[in-house]
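Novice: Here is the input, now give the coordinates:
(one chain, ligands or ions: 1)
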Amino acid sequence: MSFTITCPICGKRDLYEFRFGGEEHGPRPDYQALTPQAWCDYVHRRTHRAGPQQEWWFHRDGCGRWFTVWRDPGTNRETSCSEKRR
Ligand SMILES: [Zn+2]
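Specialist: Okay, the predicted model is just below:
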């Protein structure tokens, strides 16, 4: 299986140039109120819902940037990308 990812710097490239960074799940929890369970949920819990989701990708064999892509895992089609940074 292969598909393309569009890097906001380099453009559309083959999947194998990238590293998947997981679903985007918002800002880190507040450190002052952080519990082990809240941290575990933030790091490991995924929604796995059907339809488009925002994902982090790293252009490992290209510009070395982290960015987000809206992609439908069911069809592997992108709907948009942005240059958010990690
Ligand atoms: Zn790139």
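
Novice: Around the ion, which positions in this protein sit nearby?
Specialist: 7, 9-10, 59, 62-63 (C-beta under 5 Å from the ion). C-beta coordinates here come from the backbone N, C-alpha and C atoms, glycine included.

Novice: and the residue nearest the centre of the chain, what does it touch?
Specialist: Closest to where the C-alpha atoms of the chain average out (C-alpha atoms, centre = their mean) is residue 56, at 1.7 Å. Applying C-beta atoms under 8 Å, 6 or more residues apart in numbering, we find residue 56 in contact with 20-24, 66-68, 86.

Novice: Next one: it from residue 43, what distance?
Specialist: From residue 56 over to residue 43 the distance is 13 Å, taken as C-beta to C-beta, to the nearest Å.

Novice: again with residue 37
Specialist: 11 Å.

Novice: what about the two, which has more around it?
Specialist: Set side by side, residue 37 and residue 43 show more neighbours around residue 43, with 11 against 8, by other C-beta atoms under 10 Å.

Novice: and the helix or strand hosting the more buried one, C-alpha only, in CSV?
Specialist: Counting by DSSP states H and E, the element that carries residue 43 is helix 36-44. Output in CSV follows, covering the C-alpha atoms of helix 36-44 (Å, rounded to 0.1, in the frame of the first residue of the first chain):
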residue,chain,number,x,y,z
PRO,A,36,-0.7,9.9,35.5
GLN,A,37,-4.1,8.8,34.0
ALA,A,38,-4.5,12.2,32.2
TRP,A,39,-0.9,11.9,30.8
CYS,A,40,-1.5,8.3,29.7
ASP,A,41,-4.7,9.2,28.0
TYR,A,42,-3.0,12.2,26.2
VAL,A,43,-0.1,10.1,25.0
HIS,A,44,-1.8,6.8,24.1
